[in-house]
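[1] Give me a 3D structure for the following:
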Amino acid sequence: MKNSRGFTLIELLIVMIILGLLAALVGPRMFGKIGKSKQQAARAQISMFETALETYRLDVGTFPTEAQGLEALRKPPAGAKNWDGPYLPKEVPPDPWGNPYIYRYPSQNSDFEIISYGADGRSGGEGENADIVNWKNPGYS
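    Below you'll find the model as predicted:
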């Protein structure tokens, strides 16, 4: 018979401790990137809405009303002459945190406003909870 040697309990505990330390060091860094990627996704979606709204305005002559909302980019609202949509390829998605985007027209800050309230779903906040607004996005004119 061959002598087979297995792992001792001490060796297994050392490996588990090392794995736990690695997870404790790497885990928070990875979760921090998830928040940033959701913010970038919200900015990209808002940019897509901006393009669709500008195209809508070129066809119809004005932006959708606040009551018509972003749904006017998918389905023709009553009285929208020259509507040539849909202006979005799919239904209006929620923001990356699952909340609906806020659309305001007219706006005090720009022609229109598109807002995601961030991770907490409430106005204001910092970090992941910060509001993402089209007129604060880099490159907005």
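
[2] which residues of this structure fall in helices?
    Taking DSSP state H to define them, one finds helices in the chain at 9-60.

[3] What is the least confident helix or strand in the chain?
    Across the helices and strands of the chain, the lowest-confidence element by mean pLDDT, DSSP states H and E is helix 9-60, at a mean of 84.

[4] Counting by contacts, list what that one packs against.
    If you count contacts as 3 or more CB pairs under 8 Å, 6 or more residues apart in numbering; DSSP states H and E, helix 9-60 packs onto strand 113-116, strand 132-133. All C-beta spots, glycine's among them, are computed from the backbone N, C-alpha and C.

[5] That one: how far from the chain's middle?
    Its chain's C-alpha centre and that of helix 9-60 lie 11 Å apart, by CA atoms, centre = their mean, to the nearest Å.

[6] Tell me who's in contact with P100.
    With contacts defined as CB atoms under 8 Å, 6 or more residues apart in numbering, P100 is in contact with P94.
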